[in-house]
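Student: Coordinates only, no sequence provided:
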């Protein structure tokens, strides 16, 4: 459903998916935002920090380093360490942005074979009450597609998920 809504709009948008019955909740108290080096992830960070400042709420910026599980893929220790360093840099930048916006951000870098599974596990841990994701909706046949990771997270997260959609192509400005 989220993918269909985001496919209908050609401007940056936010859609929230609530698992089960929508309850009267108020503002979230602990927000989880996965951090990657994309425009949509940055937009998700900005939304999470704005919401946290309003709350007030705590924010955790999470970056997951993919590490294959002995399935025939070799990864050198040096390239793994470089990926972890890059993840640390990403969450440090996320914390700096949060600080500029008046929000303290906890940072985490985890390693997992599948980033989406690690994100869902963290979201379902009971520590967070909102997950904010960035996504780039794009056409796929006759329907929109947010990507396998976002789809997996939407299907498996047991907390509300806000998807900040940044279309692949923004409409041309009208003068």
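Tutor: Okay, I see it. What you are looking at is a predicted structure, and each value in this text was computed from that prediction instead of being measured.

Student: what mean pLDDT does stretch 147-166 have?
Tutor: Stretch 147-166 carries an average pLDDT of 93.

Student: How far does it stretch from one end to the other?
Tutor: Counting by CA to CA, to the nearest Å, you get 13 Å between the two ends of stretch 147-166.

Student: Same check on stretch 33-43?
Tutor: First-to-last distance for stretch 33-43 - CA to CA - comes to 11 Å.

Student: That one: how far from the chain's middle?
Tutor: When C-alpha coordinates are averaged (CA atoms, centre = their mean, to the nearest Å), stretch 33-43 and its chain have centres 6 Å apart.

Student: List of residues touching it?
Tutor: With contact meaning CB atoms under 8 Å, 6 or more residues apart in numbering, stretch 33-43 is reached by 12, 44-45, 48, 59-64, 90-91, 94, 97, 115, 119, 131-136, 164-166. For the C-beta atoms, the positions are set from N, CA and C on the backbone; glycine is no exception.

Student: Buried ones in that stretch, by neighbour count?
Tutor: 33, 34, 35, 36, 40, 41, 42, 43 (16 or more other CB atoms under 10 Å).

Student: circling back: which of the contacts of stretch 33-43 fall in helices?
Tutor: In this view, the contacts of stretch 33-43 that belong to helices under DSSP state H are 44, 45, 48, 90, 91, 94, 97, 115, 119.

Student: Between these, which sits nearest residue 106?
Tutor: residue 91 (9.1 Å; CB to CB).

Student: how close does that closest one sit to residue 26?
Tutor: Here residue 91 is placed at a distance of 27 Å from residue 26 (CB to CB, to the nearest Å).

Student: So for the two, which residue has more residues nearby?
Tutor: More crowded of residue 91 and residue 26, by other CB atoms under 10 Å: residue 91, with 19 against 8.

Student: Which residue comes closest to the more buried one once chain neighbours are left out?
Tutor: Using CB to CB, 6 or more residues apart in numbering and skipping residues adjacent in sequence, the residue nearest residue 91 is residue 107, 3.7 Å away.
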